[in-house]
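>>> Structure of the sequence below:
(chains A, B, C and D)
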There are 2 protein chains.
Amino acid sequence: MIPLDAFDISILAILQADNTTPQRDIGEQIGLSAPAVQRRIKRLRETGVIRADISVLDPEKLGRPITVFAEVKMEVEKVEIIKQAKAIFSSTPQVQQCYYVTGDVDFILILVVYSMKEYEELTQQLFFGNNNVKSFKTSIVLDIVKAGLSIPINKP
Amino acid sequence: MIPLDAFDISILAILQADNTTPQRDIGEQIGLSAPAVQRRIKRLRETGVIRADISVLDPEKLGRPITVFAEVKMEVEKVEIIKQAKAIFSSTPQVQQCYYVTGDVDFILILVVYSMKEYEELTQQLFFGNNNVKSFKTSIVLDIVKAGLSIPINKP
DNA sequence: GGCAAATTTGCAATTTTGTTTCGTTGCACT
DNA sequence: AGTGCAACGAAACAAAATTGCAAATTTGCC
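You can find the predicted model right below:
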């Protein structure tokens, strides 16, 4: 477990909202010098607390892709089967998100495709083409009301 | 609709994987000068194609928050009711993602909480406390197999 | 096809930002 | 008190982003 003090928490809160914020500005906001901030950010990256730095794109502006939500049930819940499924889902670019969950389904996926044809091919490849998949159910996303990866940072 | 040429597409692909990539490197990769890249990025931001630039944090390293998946069904699908629900979900920090979908449920949510107590309070506030919510079902996420916001960029 | 207007580019100079160095301070442990 | 460690800030430095400008490319229109 990496120890995080109040400064780290503040830095993380700022960066997960906008990682183009200059280190000087961050320093000013939290009361630290730019180098101190820089060293902390470096450590946060090295230790994996900051996992990635990315631009978030607007799907609407990129050819209006279709977001699809899928629930998947596996035939058997053998470790090896699950592991294999995870690997397949992870490596598929159209799979934007994949969660392994409790309850009556095993996986929850968020898919992004550009056409129904691509959607069909994808379901064929991921679900029908996989004997370990017992059943699946999909829903079309009508509206992405909110989509982020922000983690609430003020623990109660 | 904002016209995007091959250069823009390449730039977006790079930035959505790593937005700390120096503009000079981007230019080298795609065959453009740094200023040209910079001007394009600026325009992409201004036009909203790039919606945000963020650091992605590792939940595991931040006090092991619990990710919860929730399906919500509304009493009636009146526009006003839906609109209101969207507003509530959007403004709740623990709601990391919210999708309005077709099918037998109306909303799909991904929640992030730090304790079962917080989870209980949240369901009370969001679901039990809202008369327009007919029913809801939640699952605990055992493993975040893949979580990103990347949009596949090579259109078929 | 050819021409003019508008865009977009690359280069060079400037500014801003990020990084390294170095000396100092606070603190736990002997 | 003395030592070692960790983190800090100020200043110097390196790297990257941004701007101004002239040349080149593209676009729209005869």
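
>>> Tell me the buried residues in stretch A:66-82?
A:67-72, A:74, A:81-82 (16 or more other CB atoms under 10 Å in any protein chain shown). Quick note: C-beta positions are derived from backbone N, CA and C, even for glycine.

>>> So what touches it?
With CB atoms under 8 Å, 6 or more residues apart in numbering or on different chains as the test, stretch A:66-82 has contacts from A:59, A:85, A:96, A:100, A:104-116, A:119, A:127, A:131-141, A:144, B:99, B:101, B:108.

>>> what about stretch A:2-18, near DNA strand C?
No. Using CB under 7 Å from any atom of the strand, stretch A:2-18 stays clear of DNA strand C, coming no nearer than 10.3 Å.

>>> Give me the residue at the spatial middle of chain A.
The centroid of chain A falls nearest to A:Q97 when counting by CA atoms, centre = their mean (5.5 Å).

>>> Tell me if I am right that that one is in a helix.
No. A:Q97 is assigned strand when assessed by DSSP: H, G, I helix; E, B strand; the rest coil, not a helix.

>>> doesn't B:K146 make contact with it?
Yes. Using CB atoms under 8 Å, A:Q97 is in contact with B:K146, at 5.9 Å.

>>> ok, back up a step: now for the buried residues of stretch A:66-82: which two are most distant?
For the buried residues of stretch A:66-82, with distances taken as CB to CB, the pair at the greatest spread is A:T67 and A:I81 (27.0 Å).

>>> which SS class is A:Q38?
Classified using three-state DSSP, A:Q38 is helix.

>>> Count the residues that sit near it.
15 (other CB atoms under 10 Å in any protein chain shown).

>>> That one and A:Q23 touch, don't they?
Yes. Taking CB under 8 Å as the definition, A:Q38 is a contact partner of A:Q23 at 5.2 Å.

>>> Could you chop chain A up by domain?
As given by automatic domain parsing, the domain ranges for chain A are A:6-46, A:59-140.

>>> could you give the mean pLDDT of the shortest one?
Which is domain A:6-46. The average pLDDT for domain A:6-46 rounds to 95.

>>> Also stretch A:117-124?
97.

>>> As JSON lines, the domains of chain A with distance to B:L12 would be great.
Shown next, in JSON lines, are the domains of chain A (distance: least, CB to CB, whole Å):
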{"stretch": "domain A:6-46", "distance to B:L12": "16"}
{"stretch": "domain A:59-140", "distance to B:L12": "8"}
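
>>> do the longest strand seen in chain A and chain B meet?
Counting by DSSP state E, the longest strand found in chain A is strand A:133-147. Yes. Residues of strand A:133-147 contacting chain B under CB under 8 Å from any CB of the partner chain: A:137, A:139-147.

>>> What angle do strand A:133-147 and the helix or strand harbouring A:K117 make with each other?
A:K117 is part of helix A:116-123 when elements are defined by DSSP states H and E. Using axes from the mean of the first three to the mean of the last three CA atoms, to 10 degrees, the direction of helix A:116-123 lies 130 degrees away from that of strand A:133-147.

>>> buried residues in helix A:116-123?
Neighbour-count burial for helix A:116-123, counted by 16+ other CB under 10 Å, picks out A:118-119, A:122-123.

>>> Closest to A:Q16 out of the residues you listed?
For the buried residues of helix A:116-123, the nearest to A:Q16 is A:L122 (30.3 Å; CB to CB).

>>> End to end on stretch A:103-122, go ahead and measure it.
End-to-end distance for stretch A:103-122, by CA to CA, to the nearest Å: 25 Å.

>>> Outside of that stretch itself, list whatever touches it.
A:59, A:63, A:65-74, A:77, A:82, A:85, A:89, A:92, A:94-101, A:137-138, A:141, B:69, B:99, B:137, B:139-141, B:145, B:151-152, B:155-156.

>>> picking that back up, ok, the residue nearest to the centre of chain A - contacts?
A:109-110, B:146-148 are the contacts of A:Q97 under CB under 8 Å, 6+ apart.

>>> Now it: closest residue in space that isn't a chain neighbour?
Nearest residue to A:Q97, sequence neighbours excluded (CB to CB, 6 or more residues apart in numbering or on different chains): A:I110, at 4.2 Å.

>>> repeat for A:V145
In space, and not counting its chain neighbours, A:V145 is closest to B:C98: 4.0 Å by CB to CB, 6+ apart.

>>> quick one: contacts for A:V95?
Applying CB under 8 Å, 6+ apart, the residues near A:V95 are A:89, A:109-111, A:126, B:146.

>>> If any of the residues you listed are buried, put those into a ChimeraX selection.
To isolate the buried ones among the contacts of A:V95 in ChimeraX, judged by 16+ other CB under 10 Å, type:
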select /A:89,109,110,111,126 /B:146
